[in-house]
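Novice: task: produce atomic coordinates for the following.
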Amino acid sequence: GREMKSLAFRSGMSLIERMVALLLGSVLIAGASKILVSNMQSFRLQDNVSSAQEAGRLGLEILLTDLRRAGLDNPGMTVGGVAMNVGITGRNGSATTGTGTGAVPGLLAASDEVTVAYAAPVDMTNCEGATALAGQVIVNRYYIAVDANPAIPALFCAGTVNTGLAPTTAGAALIRGVES
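Specialist: Next up, the predicted model:
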């Protein structure tokens, strides 16, 4: 009977062995958690970078489409008897801010501005979605302003059709999170 007690006692784990096993398990779980958190942060960073690149490509594509149209041969383009000889104009951080005549609501003080005018080659819309028939003049103004919700800078476009005047409305936010 004495040998039986001795075997039963030796087959179990001591308290110290259990504590060492618990410590090793905790270290392994902490290491795996650290790797998981690091991978999640890396994924978020990669996602933000790809979103910024996508927004940049979209913004350039929108602008390039209008710039290419304005670069078409548009001699003698007139609206209401006013000659529209220049298809592309711009201001370098000197646009009027605030409200009033010629003002752009929410425009950032140092925002550059590009205005593009061209005759619609086919029935189409301006940057705000207003319909222009083939031959009508579209004027789109691109600028950076603070978007109302959320309050971050965004690329805006304000457009008119067949007025010959640069748009003076607040326009529509095309891409949010853009810096001037």
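Novice: which residues of the chain fall in helices?
Specialist: In the chain, the segments counted as helices under DSSP state H are 2-10, 15-70.
Novice: which of these has the lowest mean pLDDT?
Specialist: Out of the helices of the chain, helix 2-10 stands lowest, with a mean of 56 (criterion: mean pLDDT).
Novice: residue 120 and residue 87, how far apart?
Specialist: Distance from residue 120 to residue 87, counting by C-beta to C-beta, to the nearest Å: 13 Å. From N, CA and C alone the C-beta is placed, and that goes for glycine too.
Novice: do the same with residue 115
Specialist: From residue 115 to residue 87 the distance is 9 Å (C-beta to C-beta).
Novice: circling back: of the helices of the chain, flag the one that's most buried.
Specialist: helix 15-70 (a mean of 11; mean count of other C-beta atoms under 10 Å).
Novice: ok, residue 170 touching residue 157?
Specialist: No. Contact criterion C-beta atoms under 8 Å: residue 170 and residue 157 do not qualify, at 10.5 Å.
Novice: okay, these two: which has more neighbours?
Specialist: residue 157 (22 against 14; other C-beta atoms under 10 Å).
Novice: just give the nearest non-adjacent residue to that one, would you?
Specialist: residue 127 (3.7 Å; C-beta to C-beta, 6 or more residues apart in numbering).
Novice: how many neighbouring residues does the one you found have?
Specialist: The burial count for residue 127: 23, using other C-beta under 10 Å.
Novice: residues in contact with it?
Specialist: 62, 66, 140, 142, 157, 158, 159, 171, 172, 174 (C-beta atoms under 8 Å, 6 or more residues apart in numbering).
Novice: check the gap between it and residue 66 for me.
Specialist: 7 Å.
Novice: list residues touching both of the two?
Specialist: With C-beta under 8 Å, 6+ apart, residue 127 and residue 66 have common neighbours 140, 142.
Novice: what is the neighbour count of residue 130?
Specialist: That count, for residue 130 with other C-beta under 10 Å as the rule, works out to 12.
Novice: and it, what pLDDT?
Specialist: The score at residue 130 is 87. That number is its pLDDT.
Novice: what about the nearest residue to it once chain neighbours are set aside, neighbour count?
Specialist: Nearest residue to residue 130, sequence neighbours excluded (C-beta to C-beta, 6+ apart): residue 161, at 5.0 Å. By other C-beta under 10 Å, 20 other residues sit near residue 161.
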